[in-house]
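*Asks:* sequence-free structure coming up:
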């Protein structure tokens with residue numbers, strides 16, 4: 001479009017900035033043009049023009065008649081009024097418009113108002129001036145817009161913008177119309193419009209960046225909180241690598257230590273008060289004499305002896321409980337020789353009880369701060385007896401351990417072997433012999449650790465240990481697996497075994513996941529069965545075992561952090577292990593945990609807590 005002469009255009013005091021005239025057949029083009037004109041944000045430097053709404057920064061309303069006029073001879077009063085009240089007439093030019101009597105009348109009416117220079121054309125189809133070349137069928141200008149006399153300036157061909165693809169194109173055509181309405185030249189408007197567009201783009205980008213930042217923040221928080229979505233695990237890894245978690249805090253070391261001390265004191269109080277008058281402990285907490293339980297007693301003695309907060313004033317009573325376990329009324333004898341502890345009357349002895357009492361004795365003998373020399377010498381005598389009894393549960397094949405005494409065939413299981421490893425580790429740490437032989441102790445320690453490594457099954461859905469090597473089930477037992485992980489890590493620290501990399505990696509992942517567990521997490525159980533020779537007869541024995549996970553996950557955290565001193569963990573894994581340790585300590589001190597009526601669970605929890613010596 002040619003440059004507009006601002007001085008010759010009258011734009012003052014009009015209600016409408018423009019009137020769009022069009023053929024009904026071109027209504028889609030008219031709607032498009034109407035939308036572009038009314039939504040255009042006028043550059044600031046042009047907003048002083050009378051055709052601009054100062055509040056909105058856009059053109060004043062643009063009038064568009066929505067329907068063809070009825071077949072009347074003249075325009076309606078409403079149309080004439082709108083034309084009179086419009087600063088510009090914009091004609092949508094096409095062969096249909098050129099033939100429309102209504103478009104022609106609207107042009108004539110506007111021209112009669114004395115503003116011929118304010119008539120603008122936007123070509124959407126056809127060819128301008130085709131009629132003068134003898135091709136009136138494609139002429140796009142209505143007759144009223146064609147010059148009738150070269151000397152008649154009032155009928156000069158109007159300023160035209162060409163919206164066709166082969167012409168200016170839609171965007172430039174609209175800018176030409178706008179330049180004329182705003183009383184400026186196209187170049188200046190394009191320059192100002194480009195500046196405005198860049199500013200608008202910057203504003204939009206800023207808004208998008210803010211929205212993106214907010215969404216990213218929400219996504220980061222959701223990922224940090226455990227929301228499972230694509231990429232969330234990588235985000236959590238990055239957060240943990242730099243210890244930046246908001247929703248998964250890592251308790252401080254001092255806080256964890258204080259919580260562990262407080263929890264141990266409360267567990268000690270529960271166990272001390274649950275001790276029966278005759279020195280043993282029940283399976284649960286009623287305190288009924290008939291509930292005296294050898295297995296729970298041994299676990300309680302191990303846990304109390306291991307706890308640094310165990311008061312010295314209780315050492316004598318603790319010693320009496322050890323003595324009770326070696327009383328002939330509790331320890332079974334044959335021909336005057338002690339053979340083991342029964343879990344139930346009339347049943348074979350249990351290797352689990354023998355190994356727990358040996359563990360308890362090894363810990364107690366090493367506590368010179370709790371027992372005087374005389375008491376420790378007495379405990380050493382008990383230890384010699386206990387290791388002699390425990391020896392019978394060692395399998396003659398492969399290095400594993402049996403649960404029952406007098407087993408008809410050698411079928412060692414993983415759980416009893418884990419308890420044996422635990423016992424041997426405490427003996428090794430205290431430099432105490434096995435059956436009066438220190439070399440035998442170290443040999444058994446290495447054999448047992450190697451046997452447990454050999455029975456590890458990395459191909460299970462959740463890698464770990466089944467009940468026993470001969471178990472046909474394709475299921476690992478969660479609590480027992482975590483317990484063995486912790487014990488093998490300790491064995492590695494004492495240079496009794498070299499753990500495969502995949503086993504350490506799976507132990508790390510398994511124990512890390514405990515940071516998200518609550519007290520209600522499922523406890524796995526297993527039934528152990530065996531044919532035993534008892535009092536000259538072959539009989540079937542069975543024992544159900546519930547594998548607690550919580551105390552052993554705590555122990556596992558401690559062992560992994562110790563291993564970190566020898567073989568540093570990646571930062572994100574170090575953070576996760578510390579988080580798991582803090583979570584498990586705090587969980588152990590919860591009211592629900594302290595109200596547990598199963599005394600063996602209280603004992604094992606205290607045993608695990610005792611490993612937290614920060």
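*Replies:* Sure thing, it's come through. Since this is a predicted model, take the numbers as computed values, not measurements. Residues are numbered from 1 along each chain as shown.
*Asks:* alpha carbons only for contacts and neighbour counts from here, please
*Replies:* Noted.
*Asks:* what's the distance between the closest residue to residue 507 other than its chain neighbours and residue 403?
*Replies:* Distances taken as Cα to Cα, 6 or more residues apart in numbering put residue 485 closest to residue 507, at 5.9 Å, once the chain neighbours are dropped. Residue 485 sits 20 Å away from residue 403, taking Cα to Cα, to the nearest Å as the criterion.
*Asks:* helix/strand/coil for the residue most central in space within the chain?
*Replies:* Nearest residue to the geometric centre of the chain (Cα atoms, centre = their mean): residue 226, 2.4 Å. In three-state terms, and counting by DSSP: H, G, I helix; E, B strand; the rest coil, residue 226 is coil.
*Asks:* and what of the one 3 residues further on?
*Replies:* Recorded secondary structure, residue 229: coil (three-state DSSP).
*Asks:* what's the burial count for it?
*Replies:* By other Cα atoms under 10 Å, 10 other residues sit near residue 229.
*Asks:* And it, what's its pLDDT?
*Replies:* On the pLDDT scale, residue 229 is placed at 82.
*Asks:* just residue 524 next, same as before
*Replies:* 91.
*Asks:* isn't it right next to residue 544, touching?
*Replies:* No. The pair residue 524 / residue 544 is not scored as a contact, 10.8 Å apart, by Cα atoms under 8 Å.
*Asks:* who has more neighbours, the two?
*Replies:* A count of neighbours by other Cα under 10 Å puts residue 524 above the other of residue 524 and residue 544, at 15 against 10.
*Asks:* For the more buried one, which non-adjacent residue is spatially closest?
*Replies:* In space, residue 524 is closest to residue 547, 5.5 Å off (Cα to Cα, 6+ apart).
*Asks:* I'd like the distance between that neighbour and residue 213.
*Replies:* Residue 547 is 46 Å from residue 213, by Cα to Cα.
*Asks:* Equivalent analysis for residue 427, please.
*Replies:* 58 Å.
*Asks:* my guess is the residue nearest to residue 524 contacts residue 482, does it?
*Replies:* No. Counting by Cα under 8 Å, residue 482 is not a contact partner of residue 547; they are 9.4 Å apart.
*Asks:* neighbour-wise, which of these two wins?
*Replies:* Just comparing residue 547 and residue 482: by other Cα under 10 Å the higher neighbour count belongs to residue 482, 28 against 21.
*Asks:* Secondary structure element for the more buried one, which one?
*Replies:* Residue 482 is part of helix 478-493, with elements assigned from DSSP states H and E.
*Asks:* between the next helix-or-strand element following that helix and helix 478-493, how big is the angle?
*Replies:* Following helix 478-493 in sequence order, the next helix or strand is helix 501-512 (DSSP H and E). Counting by axes from the mean of the first three to the mean of the last three Cα atoms, to 10 degrees, helix 501-512 points 130 degrees away from the direction of helix 478-493.
*Asks:* Tell me the helix or strand right after helix 501-512.
*Replies:* Once helix 501-512 ends, the next helix or strand along the chain (criterion: DSSP H and E) is strand 524-534.
*Asks:* Go ahead and name everything in contact with that following strand.
*Replies:* 347-348, 404-409, 467, 477-479, 538-548 (Cα atoms under 8 Å, 6 or more residues apart in numbering).
*Asks:* for it, which positions count as buried?
*Replies:* 525, 528, 530-534 (16 or more other Cα atoms under 10 Å).
*Asks:* Please list all residues in contact with the spatially closest residue to residue 398 that is not a sequence neighbour.
*Replies:* Taking Cα to Cα, 6+ apart as the measure, residue 398 lies nearest to residue 451, with 6.7 Å between them; neighbours along the chain are not counted. Residue 451 sits next to 398-400 when contact means Cα under 8 Å, 6+ apart.
*Asks:* I'd like to know which of those are buried.
*Replies:* 399-400.
*Asks:* Make JSON lines out of the contacts of residue 451 and add distance to residue 447 and pLDDT.
*Replies:* Shown next, in JSON lines, are the contacts of residue 451 (distance: Cα to Cα, whole Å; pLDDT from 0 to 100):
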{"residue": "398", "distance to residue 447": "8", "pLDDT": "78"}
{"residue": "399", "distance to residue 447": "5", "pLDDT": "86"}
{"residue": "400", "distance to residue 447": "8", "pLDDT": "93"}
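*Asks:* Just give the number of residues close to residue 103.
*Replies:* The burial count for residue 103: 27, using other Cα under 10 Å.
*Asks:* helix or strand right after the helix or strand containing it?
*Replies:* Element membership for residue 103, per DSSP H and E: helix 101-112. Proceeding N to C from helix 101-112, the next assigned helix or strand is strand 119-123, under DSSP H and E.
*Asks:* relative orientation of that following strand and helix 101-112 in degrees?
*Replies:* Strand 119-123 runs at 150 degrees relative to helix 101-112, counting by the same axes, to 10 degrees.
*Asks:* Run me through the strand neighbours of strand 119-123, direction for each.
*Replies:* With DSSP bridges as the test, strand 119-123 is paired with strand 86-93 (parallel), strand 159-162 (parallel).
*Asks:* which residues touch it?
*Replies:* Residues from elsewhere that reach strand 119-123, judged by Cα under 8 Å, 6+ apart: 88-94, 107, 110-111, 140, 158-164, 173, 177.
*Asks:* now do stretch 36-44
*Replies:* Under the criterion Cα under 8 Å, 6+ apart, residues 52, 57-62, 174, 178, 192-193, 196 lie in contact with stretch 36-44.
*Asks:* 6 Å - rerun?
*Replies:* Contact with stretch 36-44 is made by 57-59, as judged by Cα atoms under 6 Å, 6 or more residues apart in numbering.
*Asks:* again with stretch 606-614
*Replies:* Outside stretch 606-614, the residues that touch it by Cα under 6 Å, 6+ apart are 303, 307, 551, 554-555.
*Asks:* Dump these to JSON lines, plus secondary structure.
*Replies:* Below are the contacts of stretch 606-614 laid out as JSON lines (three-state DSSP):
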{"residue": "303", "secondary structure": "helix"}
{"residue": "307", "secondary structure": "coil"}
{"residue": "551", "secondary structure": "helix"}
{"residue": "554", "secondary structure": "helix"}
{"residue": "555", "secondary structure": "helix"}
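*Asks:* If you rank those residues by neighbours, which is first?
*Replies:* residue 554 (30 neighbours).
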